[in-house]
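*Asks:* just a sequence and a predicted model for now, questions to come.
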Amino acid sequence: MVASGKNEDCGINTYTTALGSELKFEVENLTRIGLKSHSKDIFHYFKKGLATANSDADIIHIQHEYGIFGPKSIGSWFFILPLLICKLVYGKKTIITMHNSWNADTAGSPFRSLKIAYIKMNNILISKLADEIIFLTEDCADDFAVSVPSSEPTIIKHGVPTSNVNLTKTQARNIFEIDNEQKLIVEPGYVRRAKGHHLLTHAAKKMPDYEFLIAGGPRTKSTEPYLKELEAKAPGNVTVTGVLEDRDFQAAFIAADLCFLPYLKASQSGIVNWAVRYNLPILASQIDYFEELESNNEFIRTIDLEKDSIPKSISYLFQNKSILEDMRKSAKEYYKKNNMSEIAKEHRYIYENVNGKKSSKQTEKRI
């Protein structure tokens, strides 16, 4: 399996580690090749591509996110080239999981037409290498289909982590110096403008009786100015933690009463699955991914960030404890069906089908 390295502080590493811990019970001799994330070292990606192509693995499984391969995903061309040659010469099988998908909407000015052409060529390159492409959401599959149409994409849910930390709510709140009596709303994860943290701080100004926790910090230097902007404008009832170690990151979900995700854009979110792991209700923005989840599950509710009052929506949930309890129950049910152990089984079915072995269960194209 190819993904960002185990020492990389990113969601792909977290996902791959969680999936791998369950896959080891489903497949034999699972190994991992780690990549530098967001690196400009083109030679690094070429060397890793050669190492992957020369491995004795029956199947190569790549956890793909464009940024892993450096700025503009330029390193992906150098990584994929040796694998394409290996596929043509030796017929080695490759599966690629797309954690997000670029399309024309990703391209901005200047030279937008050129950027759109580059994105399309990059996506075609991915499709030429892959014997099977797995998408984590239908939204992600639809975005990719703009470049490479597919009538029947394979979709496997992100999966809810099975690991957890053993802390009481009081212990978790002590980490962040939050009183037990306070109503606590959390937005966990890396800080960047597309996740709408500024909307949280704006709502907090109108809700002095509530506590708000931004449980994360910037992943790259480019987002540090945004964090400084948040800290400068945040009222006293907002705590900004900075990047957290794993134990404290999970503690944020235990400490909170509500997870608030005012994302402006996302095709999937690992944060949703961590919230589910700790039975934490979610209030989120009306983007396609969240609305898709809401259509089949009660643990998440969406609001229109432009039309709906965020403070009013939050207050409504706290005033109706039965709704919050139903949301927690829904999270428990979702976990039973979509925990990482179950997701690992779905991956085994894919591996068996790609490798030409008869699976004990027919692989569904939409899971």
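*Replies:* On my side now, so go ahead.

*Asks:* distance-wise, check residue 6 relative to residue 350.
*Replies:* For residue 6, the distance to residue 350 equals 23 Å [C-beta to C-beta, to the nearest Å]. For every residue, glycine as well, the C-beta is placed using N, CA and C.

*Asks:* over to residue 203?
*Replies:* For residue 203, the distance to residue 350 - C-beta to C-beta - is 42 Å.

*Asks:* show me where the stretch 101-250 of the chain has its strands.
*Replies:* Remark: strands assigned in the stretch 101-250 of the chain by DSSP state E, counting those that start in this stretch are 132-135, 154-155, 183-188, 210-215, 238-240.

*Asks:* hmm, back to that, more crowded one of residue 6 and residue 350?
*Replies:* Just comparing residue 6 and residue 350: by other C-beta atoms under 10 Å the higher neighbour count belongs to residue 350, 21 against 11.

*Asks:* isn't that one right up against residue 93?
*Replies:* No: look at residue 350 against residue 93 with C-beta atoms under 8 Å: they stay out of range, at 10.6 Å.

*Asks:* next, the residue nearest to residue 163 when sequence neighbours are not counted: phi, psi?
*Replies:* Using C-beta to C-beta, 6 or more residues apart in numbering and skipping residues adjacent in sequence, the residue nearest residue 163 is residue 18, 6.8 Å away. For residue 18, the backbone dihedrals (degrees, to the nearest 10) come out as phi -70, psi -40.

*Asks:* 285 is where my numbering starts, stick with that
*Replies:* Noted, 285 is the first residue going forward, which turns the last one into residue 302.

*Asks:* what sits against residue 302?
*Replies:* Residue 302 sits next to 443, 445, 446, 447, 624 when contact means C-beta atoms under 8 Å, 6 or more residues apart in numbering.

*Asks:* ChimeraX command for the buried members of the residues you listed?
*Replies:* Here is the ChimeraX command that selects only those of these that count as buried (16 or more other C-beta atoms under 10 Å):
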select :443,445,446,624
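
*Asks:* dump the contacts of residue 302 to a markdown table, plus distance to residue 435 and pLDDT.
*Replies:* As requested, the contacts of residue 302 are arranged in a markdown table below (distance: C-beta to C-beta, whole Å; pLDDT from 0 to 100):
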| residue | distance to residue 435 | pLDDT |
| --- | --- | --- |
| 443 | 25 | 93 |
| 445 | 32 | 93 |
| 446 | 34 | 91 |
| 447 | 37 | 86 |
| 624 | 29 | 95 |
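
*Asks:* so where is the stretch 385-534 of the chain shaky, pLDDT-wise?
*Replies:* Counting by pLDDT under 70, the stretch 385-534 of the chain contains no low-confidence range.

*Asks:* can you pull the contacts of residue 410?
*Replies:* 348, 360, 364, 380, 382, 417, 432 are the contacts of residue 410 under C-beta under 8 Å, 6+ apart.

*Asks:* one more time with 10 Å
*Replies:* Residues counted as contacts of residue 410 (C-beta atoms under 10 Å, 6 or more residues apart in numbering) are 346, 348, 350, 357, 360, 364, 378, 380, 382, 385, 417, 428, 431-432.

*Asks:* what do you get for residue 319?
*Replies:* For residue 319, the contacting residues are 286-289, 292, 296-297, 328-329, 332-333, 336, 346-347, 352-354, 359, 363, by C-beta under 10 Å, 6+ apart.

*Asks:* in helices, which of the residues you listed fall?
*Replies:* Among the contacts of residue 319, the residues falling in helices (DSSP state H) are 296, 297, 328, 329, 332, 333, 336, 359, 363.

*Asks:* and which of these is nearest residue 499?
*Replies:* Minimum distance to residue 499 across the ones in helices among the contacts of residue 319 is 18.1 Å, recorded for residue 297 (C-beta to C-beta).

*Asks:* quick one: residue 619 and residue 441 touch, right?
*Replies:* No: the pair residue 619 / residue 441 is not scored as a contact, 11.5 Å apart, by C-beta atoms under 10 Å.

*Asks:* any shared contact partners between these two?
*Replies:* Applying C-beta under 10 Å, 6+ apart, one finds that residue 619 and residue 441 are jointly contacted by 557, 626.

*Asks:* got the contact list for the residue lying closest to residue 388 once chain neighbours are set aside?
*Replies:* Closest residue to residue 388 apart from its sequence neighbours, by C-beta to C-beta, 6+ apart: residue 400 at 4.9 Å. Residue 400 is in contact with 386, 387, 388, 389, 390, 391, 430, 431, counting by C-beta under 10 Å, 6+ apart.

*Asks:* and the helices in the stretch 335-484 of the chain?
*Replies:* For the stretch 335-484 of the chain, the helices defined by DSSP state H, counting those that start in this stretch cover 359-374, 396-413, 422-429, 453-460, 481-489.

*Asks:* can you tell me which of those helices is nearest to residue 598?
*Replies:* Shortest distance between residue 598 and the helices of the stretch 335-484 of the chain, using C-beta to C-beta, is found for helix 481-489: 7.0 Å.

*Asks:* contacts for that closest one, please.
*Replies:* Outside helix 481-489, the residues that reach it (C-beta under 10 Å, 6+ apart) are 469-471, 473, 475, 480, 494-498, 500, 510-511, 513-522, 524, 544-548, 569, 589, 593-598.

*Asks:* could you list the buried residues of that helix?
*Replies:* 481, 483, 484, 485, 486, 487, 488.

*Asks:* which one among these gets closest to residue 606?
*Replies:* Checking the buried residues of helix 481-489 one by one against residue 606 (C-beta to C-beta), the nearest turns out to be residue 487, at 23.3 Å.
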